[in-house]
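Asks: Structure here, sequence nowhere to be found:
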């Protein structure tokens, strides 16, 4: 029997506000522990939350981008549980009336479009962080993160493959970044994902017992954990074991999912409406205005790049994954109107460099004019391909226009025909044996001579040009010898 | 004892030295407090330093130099504020409650910490972790609660005026028991920032004073919207002092039909007499209905405990306040066993030992009514009844300007009389609770004495944000009577030591 996996994802994204959701504390990542706290986010007695309007607006922006229905009323609830990183003993969240519901997102998987329905998106505050020191009999709590605004985005169980989950996350992240609502940095925890998965016999409509997977620290971990879990559940079903509804943790080193808690131990969060925050009507014209103000989203971006510049779907996809990358491409093409080589340089050399150095395309400092100048120089034969690659890296490292670097160090190729002729003549005179070998039919000898010429030119010559001159000269001298 | 308004007028005129005023008050507190227990603690040095600071740098506002007593659940920066609870003992907030800040901006000298029922859970001020407060009219009796310390202090002349808080009657019932004036403002009239929450949708701070005029004076200082409290209303604050001098003639007084069960004969007689006085003053009376007032107690104990169970979750021993000694930070003298080491054990021990029995009872009740499977039957149902009660008040107050009710069904009861019978204790709030559920303003003022010589209070209730009307009617009654001029014999209080 074949089984069909049913997968849903819950993504928590930290909204990029300057201050926290219910107080004025800053949200800067990596500050010294508890340096970004106040009576409100520490849950001191008597203090009250006041909603950060900006977080609400960013939430609305995501809601309209995911084509959700926006709630008529903004209302918060308390989700109650005890944990030392939760200062008030409850989290201010949204329960029965989320900010947004019933949206959707289309995801390309293996060349086909997969529609994914968004179940809901709601605003809530983040908790603090426990710090454990194995040498101490107690733990520390850092409340800097407590109260940072989160948007929880939950899909319907529409995904069927780990690859689909992966593609959904990539697309969602691209949208969130295009919207400017979050930096989506998984290492800093500004994007977190939990996955729900169950198996059912192919063709069945009822859902099997659901397993929730936590501790997924990268998109790859999501894919790997789902792959593992599909196999584990399938083996269990085939071995006539029952699958228990539970929460499991992904251990990337094992690699395996490991049980964390079963449903019997699941908490009763005793949700009830937050009495400290007055519900308010969400202004429909404001939602419309947010919809109209949406920037170009990745799907539109990709389509426009492909159509306008004649790029392949793949190239357009790579360039549209970051707003900055797309802009760099378009601005470079405006100055050097050959889209394909511009795209190749950005996707190959630039992304390669950024990946190798752990840099973010959105924040990379590289000017479109630099790429245009470099490609122009290359086209005109002023520099070799090798020199161009070296110049590209150097311009990134030193934040300089390659044109300036070329002038500064005279790395331009020798293009003067007379100069090249003299150079070749000198090499031919010095290496008569190789000349003889070539003339006897040893093709390798020609490459040796080209190499010697390049050496003499200190790399600043076009090897193709040298080869042409050499061939001509050696043919002439052979004819002369005959 | 001069009233707050008299004091501020005489201080402003240079007829009284605020140093002398404060000195005499502190002396009176030290004489009376051992027998009455109105204050948890008073630190004369710090209070005197506060006065000196005020004299040097101001501000010289409408309460310049006037000492105002503060209930132990309103945060005063740097001063221990423990809400009558062991679990908050030692807690010194790094901020002022907005009401405290407004008093200070008006030039007042704030005097912490008036005793109260633990977390305001009670009607007798017997559940305070720091010992009970006694009624200055009869020290074998309770002062009411939860603002019993504030009311007893004002009644005994150990306070010029005080702030209390009222979630189900905690300002009005002790005001009635102690023969003073107490006002619970409209929900949203006064900021709750820095008021240590009991039930967030019901709590309001308000004045407890010697007379209605002082009530108006204090309300005009503490009322108004606060950006730190989203539930405070963006309504202009009228001149309440001007309101009290306006005539009440022609105001319509609604007389609701009330559950008569448990209503004391002396209280009933005092209410009948009060009705006649109001009629003589030219107010008209009209019968009205409050059909859901019978469900007030049940509804209240669902909503208030639900919110309390949530509001008190933060007292977990992790960040501040009291922690069970076996889990003291840095390790106690006794090495904890490994089982005790866990954070769950720390929670359980800290909360079981840190809260008193009434707090534990309400946390359990509130946790129960919010639990999965019970929410709809209790909390949701309670919220529906609450909506019906609001409609009751809307309807009744469309036929009249103020409602007249007793504040409490009986005069002050004896210490210990209801402590072991929570349901009996809860019933003493039967007439006050519905104003909190409906969010409407209500005032209690003295209207007579029982045959045993105990004060009786009457309650007036108005439509939301109609405090001026309330004060007008109350002041008219007060001017026609002299109940508020009677004071307990302090010599007998002192002898009771």
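Replies: Cool, the structure landed. Here the structure is a predicted model, which means the values were calculated and not measured.
Asks: Where does pLDDT dip in the stretch 351-482 of chain A?
Replies: A:410-415, A:478, A:480-482 (pLDDT under 70).
Asks: Quick check: residues of chain A near chain B?
Replies: Residues of chain A found near chain B, taking Cβ under 8 Å from any Cβ of the partner chain as the criterion, are A:39, A:42-51, A:78, A:80, A:82, A:84, A:87-90, A:137-138, A:141, A:268, A:270-272, A:275-278. C-beta coordinates here come from the backbone N, C-alpha and C atoms, glycine included.
Asks: Endpoints of stretch B:70-89, how far apart?
Replies: Chord length of stretch B:70-89, first to last residue, is 17 Å (Cα to Cα, to the nearest Å).
Asks: quick one on the thing from earlier: which of the residues of chain A next to chain B fall within helices?
Replies: Within the residues of chain A next to chain B, no residue falls in helices by DSSP state H.
Asks: Please list only the buried members of those residues.
Replies: A:39, A:42-51, A:78, A:80, A:82, A:84, A:87-90, A:141, A:270-272, A:275-278 (16 or more other Cβ atoms under 10 Å in any protein chain shown).
Asks: Grab the nearest non-local neighbour of the residue of chain B found nearest chain A.
Replies: For chain B, the residue closest to chain A is residue B:313, as judged by Cβ to the nearest Cβ, at 2.4 Å. Here the nearest residue to residue B:313 in space, its sequence neighbours aside, is residue A:89; by Cβ to Cβ, 6 or more residues apart in numbering or on different chains that works out to 2.4 Å.
Asks: Quick check: that neighbour vs residue A:45, distance?
Replies: 12 Å (Cβ to Cβ, to the nearest Å).
Asks: and residue 25, how many neighbours?
Replies: Since you didn't name a chain, this refers to chain A. Residue A:25 has 23 neighbours, counted by other Cβ atoms under 10 Å in any protein chain shown.
Asks: Hmm, no, I was thinking of chain B.
Replies: 24.
Asks: Local confidence estimate at the residue lying closest to it once chain neighbours are set aside?
Replies: Computed as Cβ to Cβ, 6+ apart, the closest residue to residue B:25 that is not its neighbour in sequence is residue B:67, at 5.4 Å. Here, the pLDDT recorded for residue B:67 equals 98.
Asks: Which strand residues bridge residue B:67?
Replies: residue B:109 (DSSP bridges).
Asks: Hmm, residue B:108 and it touching each other?
Replies: Yes - look at residue B:67 against residue B:108 with Cβ atoms under 8 Å: they come within range, at 7.1 Å.
Asks: Stretch B:194-205 and chain A in contact?
Replies: Yes - remark: stretch B:194-205 sits within contact range of chain A at B:194, B:195, B:196, B:197, B:199, B:200, B:201, by Cβ under 8 Å from any Cβ.
Asks: Run through the residues that contact the last one.
Replies: When you say that, I think you mean residue B:201. For residue B:201, the contacting residues are A:275, B:187, B:231, B:303, B:307, by Cβ atoms under 8 Å, 6 or more residues apart in numbering or on different chains.
Asks: Also the third one?
Replies: With contact set as Cβ under 8 Å, 6+ apart, residue B:196 has these partners: A:45, A:46, B:73, B:74, B:75, B:81, B:83, B:88, B:119.
Asks: Turn the residues you listed into JSON lines, columns for secondary structure, pLDDT and distance to residue B:440.
Replies: Output for the contacts of residue B:196, formatted as JSON lines (DSSP: H, G, I helix; E, B strand; the rest coil; pLDDT from 0 to 100; distance: Cβ to Cβ, whole Å):
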{"residue": "A:45", "secondary structure": "coil", "pLDDT": "98", "distance to residue B:440": "27"}
{"residue": "A:46", "secondary structure": "coil", "pLDDT": "98", "distance to residue B:440": "24"}
{"residue": "B:73", "secondary structure": "coil", "pLDDT": "98", "distance to residue B:440": "22"}
{"residue": "B:74", "secondary structure": "strand", "pLDDT": "98", "distance to residue B:440": "22"}
{"residue": "B:75", "secondary structure": "coil", "pLDDT": "98", "distance to residue B:440": "26"}
{"residue": "B:81", "secondary structure": "coil", "pLDDT": "98", "distance to residue B:440": "28"}
{"residue": "B:83", "secondary structure": "coil", "pLDDT": "98", "distance to residue B:440": "26"}
{"residue": "B:88", "secondary structure": "helix", "pLDDT": "97", "distance to residue B:440": "30"}
{"residue": "B:119", "secondary structure": "helix", "pLDDT": "98", "distance to residue B:440": "24"}
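Asks: Could you work out the most separated pair of the residues you listed?
Replies: B:75 and B:119 (14.0 Å; Cβ to Cβ).
Asks: per-residue confidence for the residue nearest to residue B:313?
Replies: Per-residue pLDDT puts residue A:89 at 97.
Asks: At the contact with chain A, which residues of the stretch 51-200 of chain B appear?
Replies: B:73-75, B:81, B:83, B:88, B:91, B:93-95, B:97, B:192-197, B:199-200.
Asks: quick check, residue B:26 in a helix?
Replies: Yes - under DSSP: H, G, I helix; E, B strand; the rest coil, residue B:26 sits within a helix.
Asks: got the contact list for it?
Replies: B:42, B:44, B:47, B:48.
Asks: mind listing which of the residues you listed are in helices?
Replies: B:44, B:47, B:48.
Asks: By neighbour count, which of these wins?
Replies: Counting by other Cβ under 10 Å, top hit in the ones in helices among the contacts of residue B:26: residue B:47 with 19 neighbours.
Asks: isn't it right up against residue B:23?
Replies: No - Residue B:47 is not in contact with residue B:23 according to Cβ under 8 Å; the separation is 10.3 Å.
Asks: So which residues of the stretch 351-497 of chain B form helices?
Replies: Assigned by DSSP state H, counting those that start in this stretch, the helices in the stretch 351-497 of chain B fall at B:357-369, B:381-396, B:422-427, B:433-438, B:467-480, B:490-495.
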